[in-house]
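Visitor: turn this into a structure:
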Amino acid sequence: MFVLMVVVFIIGYTAIALEHPLKVDKSASALLTGVLTWVILVFGGYKILNLGFSPSWAHFQHSTDLLDFSKTHPDAGIHETVSYFITHHELYHHLAEIARILFFLLGAMTIVEIVDQHQGFRIITDKIKTTKKVKLLWILSFLTFFMSAALDNLTTTIVMVALLRKLMDDQKTRWFFASMVVLAANAGGAWSPIGDVTTIMLWIGGQVTTINIITTVIVPSLVTMIIPVFILSFTMKGNVKRPKQDEEQLKEFTTLRERKIMLILGVSALLFVPVFKTITHLDPYMGMLFGLGLMWLTTEIMHRHKTDRDKRRLSVVGILSKVDVPTVFFFLGILTAVASLSSGGQLQLLASYLDDKLGNIYLINLAIGLLSAVVDNVPLVAGAMGMYPVATPESIEAMTANQQLYAGFFVQDGQFWEFLAYCAGTGGSILIIGSAAGVAAMGMERIDFIWYLKKISLLALIGYLAGALVYYLQMMII
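Guide: As a prediction, the model looks like this:
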């Protein structure tokens, strides 16, 4: 059963990758994979968990949750306890984690759609006059890189894909630029404490501090973004074709003042999310929903005197019908499947294998980055954080002489944590499904997995390795 979960995950992953040849929507494959892996975990729970690879099961056996369950179910045997652990403890825990991401995604997608329906992005796209592909690639890559650090890579990708739809008409050209946006967004998120969910985890966990992660990882991240763009500058030729717009129709629904208001309000709502989290310590999705609520209220007031036809087009109720729901289900399926492997212990086994076989902190982090292109980087980073606690002066003194040789890598702002932030943040770009930004772009633009593998993956790998080399040289010089 332990192996069967992995087999089902691989089959599901293959079906997602072969979406276009199979003519089966990836959301369906993702949902089936997510549910089936949990079904296998339920039926084979006793054997799977007692293999000893699941850290959550080991923790549960010594927790107050088990004590509470024993009090309410005094006659429960080991099989009933395992069933309760999987169906209530683990599933509910992962549901909360997944819901945070999905509500964040829904809020961000709706805010972007509101701005788009009010033609707010025209203010930006009208400023971008060039149609030359190379020049446009450099502009959009740098814009995405720094936006991702201020917002986060997922939100930035959603915004930039919406912009691309206004800048270029050809689908394959848009696929190419959307893929490069994913590279830039992941690179930009790696050096900012609020730019990527894994960096946020390390920041909140105390493994890294704000100033240090910015100063040490920004240059490698910038190299990761620049190298693929530099290579493409020699091969990419031609101009993009702008999509046709019906100016009369645009004037009929929105004024310039309304466009400016919605653009400013939308960008402010997105930028306010990290501020909201810092002030309230509530989860980022709460800040996103707060911003959405304000925009919803604003549109209701702004359009209250308009005709019913205009209200239907510009109200949030009408706009919600345009939000890409299949992308949300795709996220749900993928994250659910990965969560089952986390609870079953497969990811912990993988992390332990890397530690035993590689040993070197640079090689371990490079491998984690490559693996994050296949499975979600969140459980991989969580596994690393669990395996290597932050070293303190007191704990270092208690270590053996051999252990003390490597302890410096695991102190706060140690090289292991910095390099982990870089690798986990940027390695996911190697495959379109390897990051939240990639999954969002794939869902919004229906990017083909195989197409991305042929056209983008090698560029992303070159950039990833180049940035890693820069970080290593940087540490050697310092």
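
Visitor: any regions of the stretch 101-250 of the chain where pLDDT drops low?
Guide: 204-205, 245-250 (pLDDT under 70).

Visitor: all helices for it, in order.
Guide: Assignment of helices within the stretch 101-250 of the chain using DSSP state H, counting those that start in this stretch yields the ranges 122-125, 133-150, 153-167, 171-190, 197-205, 210-235, 247-253.

Visitor: what's the closest of these to residue 36?
Guide: Nearest to residue 36, of all the helices of the stretch 101-250 of the chain, is helix 197-205, at 25.5 Å by C-beta to C-beta. Yep, even glycine has a C-beta here, placed from its N, CA and C like the rest.

Visitor: quick one, what contacts residue 209?
Guide: Counting by C-beta atoms under 8 Å, 6 or more residues apart in numbering, residue 209 touches 203, 412, 413.

Visitor: how close does it sit to residue 227?
Guide: Applying C-beta to C-beta, to the nearest Å, the value for residue 209 to residue 227 is 28 Å.

Visitor: and for residue 350?
Guide: 28 Å.

Visitor: in a markdown table: the contacts of residue 209, plus distance to residue 300.
Guide: Shown next, in a markdown table, are the contacts of residue 209 (distance: C-beta to C-beta, whole Å):
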| residue | distance to residue 300 |
| --- | --- |
| 203 | 37 |
| 412 | 47 |
| 413 | 47 |
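
Visitor: pick the one among these closest to residue 385.
Guide: Out of the contacts of residue 209, the member with the shortest distance to residue 385 (by C-beta to C-beta) is residue 203, at 11.7 Å.

Visitor: what about the closest one, neighbour count?
Guide: By the criterion of other C-beta atoms under 10 Å, residue 203 has 19 neighbours.

Visitor: near the residue nearest to residue 73 when sequence neighbours are not counted, how many other residues are there?
Guide: Excluding the flanking residues, the one nearest residue 73 by C-beta to C-beta, 6 or more residues apart in numbering is residue 80, at 6.7 Å. Residue 80 has 12 neighbours, counted by other C-beta under 10 Å.

Visitor: and the pLDDT at residue 80?
Guide: pLDDT, residue 80: 84.

Visitor: next, residue 62: secondary structure please.
Guide: Assigned by DSSP: H, G, I helix; E, B strand; the rest coil, the conformation of residue 62 is coil.

Visitor: how confident was the prediction at it?
Guide: 80.

Visitor: from residue 55, how far off is it?
Guide: Distance from residue 62 to residue 55, by C-beta to C-beta: 12 Å.

Visitor: more neighbours, these two?
Guide: Remark: of residue 62 and residue 55, residue 55 carries more neighbours, 18 against 9, as counted by other C-beta under 10 Å.

Visitor: okay, now residue 476: neighbour count?
Guide: For residue 476, using other C-beta under 10 Å, the count is 7.

Visitor: and residue 23, by the same measure?
Guide: 7.

Visitor: what is the burial count for residue 377?
Guide: Neighbours around residue 377, by other C-beta under 10 Å: 28.

Visitor: likewise residue 284?
Guide: 22.

Visitor: list the contacts of the closest residue to residue 441 other than its chain neighbours.
Guide: Of all residues not flanking residue 441 in the chain, residue 178 sits nearest, at 4.8 Å (C-beta to C-beta, 6+ apart). For residue 178, the contacting residues are 160, 161, 164, 441, 444, 445, 447, by C-beta under 8 Å, 6+ apart.

Visitor: that's a strand at the last one, yeah?
Guide: No. Residue 447: not assigned to a strand; according to three-state DSSP it is coil.

Visitor: how much space separates the residue nearest to residue 441 from residue 134?
Guide: Taking C-beta to C-beta, one finds residue 178 at 17 Å from residue 134.

Visitor: residues of stretch 101-117 that come out buried?
Guide: 101-117 (16 or more other C-beta atoms under 10 Å).

Visitor: can you check stretch 49-68 too?
Guide: Neighbour-count burial for stretch 49-68 [16+ other C-beta under 10 Å]: 49, 53, 54, 55, 56, 57, 60, 66.

Visitor: residues contacting residue 224?
Guide: 183, 187, 190, 426, 463, 464, 466, 467.

Visitor: residue 1 too?
Guide: Here residue 1 is in contact with 40, 41, 43, 44, 47, 48 (C-beta under 8 Å, 6+ apart).

Visitor: before we move on, what about residue 32?
Guide: 12, 333 are the contacts of residue 32 under C-beta under 8 Å, 6+ apart.

Visitor: same check, this time on the one 3 residues further on
Guide: For residue 35, the contact set (C-beta under 8 Å, 6+ apart) comprises 333, 336.

Visitor: quick one: mean pLDDT for the helix or strand encompassing it?
Guide: Per DSSP states H and E: residue 35 is located in helix 26-43. Averaging the model's pLDDT scores along helix 26-43 yields 91.

Visitor: give the other helices and strands that the helix or strand following it contacts.
Guide: Using DSSP H and E, the helix or strand that follows helix 26-43 in sequence is helix 45-49. In terms of contacts (3 or more C-beta pairs under 8 Å, 6 or more residues apart in numbering; DSSP states H and E), helix 45-49 is packed against helix 2-17, helix 78-84.

Visitor: now residue 358: closest residue in space, sequence neighbours ignored.
Guide: residue 364 (5.0 Å).

Visitor: so the one you found touches residue 354, yeah?
Guide: Yes. At 5.4 Å, residue 364 counts as touching residue 354 under the criterion of C-beta atoms under 8 Å.

Visitor: what sits against residue 180?
Guide: Counting by C-beta under 8 Å, 6+ apart, residue 180 has contacts 137, 140, 141, 228, 229, 232, 456.

Visitor: next: residue 220.
Guide: By C-beta under 8 Å, 6+ apart, the neighbours of residue 220 are 191, 422, 467, 468, 470, 471, 474.
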